[in-house]
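Engineer: structure for this input, please:
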Amino acid sequence: MKWNVRTRCTLVCVAFIALFSIFSFRLVYLQIIKHDQYAELAAEKHGYRQPIYAERGAIVDANGEALAHNIPGRTVFADASLLKNRDAAIKLVSEALKIPTGVVAERLASSSRYIVIQREVPEEIALALRDNLQKQNVRGISLEHDTTRVYPNHSMLCHVIGFTDFDHHGIQGVEASMEQYLHGQDGYRHIERNRAGKEIVLYRGQKREARDGYQVHLTVDLHLQNIIENEIDAAMREFRPAKATIILMRPQTGEILAMANRPNFDLNLRSDAKPEQMKNRAVIDMMEPGSTFKIVAAAAALNEHKVRPDTTIFCENGLWNFGGRALHDHRPLGDLSVQDILVKSSNIGAAKLALSVGDQKFYEYIRRFGFGDRTGIELPGEIGGLIRPPQAWSKISITRIPMGHEIGVTPLQMTMAMATIANGGKLMTPRIVKSITTEDGRTIATFSPTVLRQVISPETAAQIGKALRGVVSDRGTAAAATVPGFTISGKTGTAQKVDPKGGYEKGKYVVSFIGYLPAENPQFVGLVVLDDAHTADPNLNYGGLVAGPIFSRVAEKAARYLDLEPHEDVGKQMTAERVALTNASRR
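Structural biologist: Alright, predicted model coming up:
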């Protein structure tokens, strides 16, 4: 009996020991061996790393005027694991966001925990949707902080500013090139949720604050931009060109003051834009520059001391056979000084200037002026143009390139070449971004003027500038480009359009004018280019008659805005010839 009692007690004790041992081993197994795995599962079910989104930085002009900024909004998203009443959710979301129920249903068909239904939803609409969801106790639809990128000036500066995608990453223009500064750095916080999906604030964990994007300050002045936008629109109405570009820049610093292209598009309606409307033709279009390129031949010959400004060159009375091919001037011209070769825009004179320095040296000057290389401006997609080395030239290339044929340049490259003349022979790196700052004004980076090289001597630059004053006079090809009260140095260009299939398109021209004022102390350089302008009389489709008056109007308004002091000794009234030329070009 005693043995039986003792045995039963022993067996019970052993059983309890075995039971507690099993529990102990199980506890050790769960708490130690499987701790990380189950902790991860728990965190996945109840924990959540909530992103804290950085706000994209603003883009402003040189005076702090907003060009691109953000307005608050929300992203409406769904968590499929919490979505129970799918039909009710589809109905409420469809009604609030004005999206067809079929589209909402398709988006909610995913089993993902994070399904984006609609981005950039206005704040009031998103909050009204949240209230309706709560009233009907529909779970699984949530809101997330978001912003909408807004461009208050619509199409103005569209090719310079660019735009962003739905993830707020820059796609074109400054939005793309300055992405590293504009985007900012997202933060996060670790949170835990209860069974109802609501955050348990007491258990809020690690947190890193977001850093908003920096402000990008452009060199562009919105007032000057408005001037050229109005004038380029007027030119499109009057001449109906296929394309057009106007650029204003400060020659001493390389700062772009204004830049416009046509066709263009509304940045707020970019989904409606066609590819042709979205091209920044100032930096990605290649053109034969025509006679504006004669400044390079003249600068090379003068800088190499092959000629002086008053050196006389026989221009063959308008017809010269070289290399078995005829070279014509627009009218018969005899003996001309180097200065008058530019004033009268003689093709033959320019060819002889290039011949005086030779193929290799002339090519070196072309490259020294920056042609054939990207300028380095802070805009994506820039091309370097097309400049062939001398070994690829034909026998007549040395006579055709000086008049702007057989080469491809961008409007910006041509602007920089003229700015080099205006800047005493120094070639600058063009700049369209001035500085990067925080929202409270602390400077992050400054883009200072950069001299690339001394292309020609200051003396040669002054000689070219003096010759170019004669172009904008009764003696020259751009009498219609004058501005009352100011001296202007400039050059016209009229180039027959290149046919993509080879040769040139009959009756189609790229007309241009490029100049600076005041000639003795340049404050800005301006370029006007119209591709395939239509004039009432085809004989009036010249750079001086079409682009010249546009430059005159732009320059006059820009000088007034910049408060430039006119010279009293400069005639304040347009000459009778300019009036006649301007009226003729408008007929």
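Engineer: other residues contacting the helix or strand harbouring residue 462?
Structural biologist: Residue 462 belongs to helix 458-471 when assigned by DSSP states H and E. Identification of contacts with helix 458-471 by C-beta atoms under 8 Å, 6 or more residues apart in numbering yields 295, 298-299, 302-303, 309, 338-340, 342-343, 345, 420-425, 456, 476-478, 487-492, 515, 519. C-beta here means a position set from N, CA and C on the backbone, and glycine is covered the same way.
Engineer: so how far is whatever helix or strand comes next after it from its chain's centroid?
Structural biologist: Per DSSP H and E, helix 458-471 leads on to strand 489-498 as the next helix or strand towards the C-terminus. Its chain's C-alpha centre and that of strand 489-498 lie 25 Å apart, by C-alpha atoms, centre = their mean, to the nearest Å.
Engineer: now do strand 489-498 against helix 458-471, angle only.
Structural biologist: Strand 489-498 runs at 70 degrees relative to helix 458-471, counting by axes from the mean of the first three to the mean of the last three C-alpha atoms, to 10 degrees.
Engineer: residue 70 touches residue 55, doesn't it?
Structural biologist: Yes: shown here, residue 70 and residue 55 form a contact pair, counting by C-beta atoms under 8 Å, at 5.8 Å.
Engineer: between those two, which contacts overlap?
Structural biologist: With C-beta under 8 Å, 6+ apart, residue 70 and residue 55 have common neighbours residue 147.
Engineer: low pLDDT regions in the stretch 251-400 of the chain?
Structural biologist: Residue ranges of the stretch 251-400 of the chain with pLDDT under 70: none are present.
Engineer: that one: helices as residue ranges?
Structural biologist: Using DSSP state H, counting those that start in this stretch, the helices found in the stretch 251-400 of the chain span residues 281-284, 294-303, 338-344, 347-357, 359-368, 397-400.
Engineer: what is the fourth one packed up against?
Structural biologist: Translated: helix 347-357. helix 294-303, strand 312-314, strand 319-322, strand 325-328, helix 338-344, helix 397-400 (3 or more C-beta pairs under 8 Å, 6 or more residues apart in numbering; DSSP states H and E).
Engineer: switch to 6 Å and redo it
Structural biologist: Applying 3 or more C-beta pairs under 6 Å, 6 or more residues apart in numbering; DSSP states H and E, one finds that helix 347-357 contacts helix 294-303, helix 397-400.
Engineer: tell me the angle of the helix holding residue 462 relative to helix 294-303?
Structural biologist: 140 degrees.
Engineer: the longest helix along the chain: how far from the chain's middle?
Structural biologist: Longest helix in the chain by number of residues, with DSSP state H as the criterion: helix 2-28. Its chain's average C-alpha position is 82 Å from that of helix 2-28, according to C-alpha atoms, centre = their mean.
Engineer: tell me the mean pLDDT for it?
Structural biologist: Across helix 2-28, the average pLDDT comes to 76.
Engineer: now do stretch 119-136
Structural biologist: 80.
Engineer: pull the distance from that stretch to the chain's centre.
Structural biologist: Counting by C-alpha atoms, centre = their mean, stretch 119-136 comes out at 36 Å from the chain centroid.
Engineer: ok, stretch 344-357 next?
Structural biologist: Using C-alpha atoms, centre = their mean, the distance from the centre of stretch 344-357 to the centre of the chain it belongs to is 36 Å.
Engineer: which residues does it contact?
Structural biologist: For stretch 344-357, the surrounding residues in contact (C-beta atoms under 6 Å, 6 or more residues apart in numbering) are 291, 294, 297-298, 300-301, 304, 306, 313, 315-316, 320, 327, 329, 333, 336, 341, 362, 398-399, 402-403, 477.
Engineer: identify whichever of the helices and strands packed on helix 347-357 lies nearest to residue 183.
Structural biologist: helix 294-303 (41.0 Å; C-beta to C-beta).
Engineer: how far does that closest one sit from its chain's centre?
Structural biologist: On C-alpha atoms, centre = their mean, the centre of helix 294-303 falls 31 Å from that of its chain.
Engineer: next, the angle from it to helix 359-368.
Structural biologist: 120 degrees.
Engineer: most packed of the helices of the stretch 251-400 of the chain?
Structural biologist: helix 294-303 (a mean of 26; mean count of other C-beta atoms under 10 Å).
Engineer: how many residues are close by residue 565?
Structural biologist: Residue neighbour count, defined by other C-beta atoms under 10 Å, stands at 9 for residue 565.
Engineer: give the helix, strand or coil label for it.
Structural biologist: Three-state assignment for residue 565 (DSSP: H, G, I helix; E, B strand; the rest coil): coil.
Engineer: quick revisit: model confidence over the helix holding residue 462, on average?
Structural biologist: Summarised as a single mean, pLDDT over helix 458-471 is 96.
Engineer: can I get the CA coordinates of it in CSV?
Structural biologist: What follows is helix 458-471, C-alpha atoms only, in CSV (Å, rounded to 0.1, in the frame of the first residue of the first chain):
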residue,chain,number,x,y,z
PRO,A,458,40.2,92.6,-76.7
GLU,A,459,41.5,94.7,-79.6
THR,A,460,40.1,92.3,-82.2
ALA,A,461,36.8,92.1,-80.3
ALA,A,462,36.6,95.9,-80.3
GLN,A,463,37.4,96.0,-84.1
ILE,A,464,34.6,93.5,-84.8
GLY,A,465,32.2,95.3,-82.6
LYS,A,466,32.9,98.6,-84.4
ALA,A,467,32.3,97.0,-87.7
LEU,A,468,29.1,95.5,-86.5
ARG,A,469,27.7,98.9,-85.6
GLY,A,470,27.7,99.7,-89.3
VAL,A,471,25.4,96.7,-89.9
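Engineer: domains for the protein, by residue range?
Structural biologist: Domain ranges of the chain: 5-49, 52-215, 222-265+280-582, per automatic domain parsing.
Engineer: possible to save the ones you listed as a markdown table with distance to residue 274?
Structural biologist: Listed next are the domains of the chain as a markdown table, based on distance: least, C-beta to C-beta, whole Å:
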| stretch | distance to residue 274 |
| --- | --- |
| domain 5-49 | 41 |
| domain 52-215 | 13 |
| domain 222-265+280-582 | 8 |
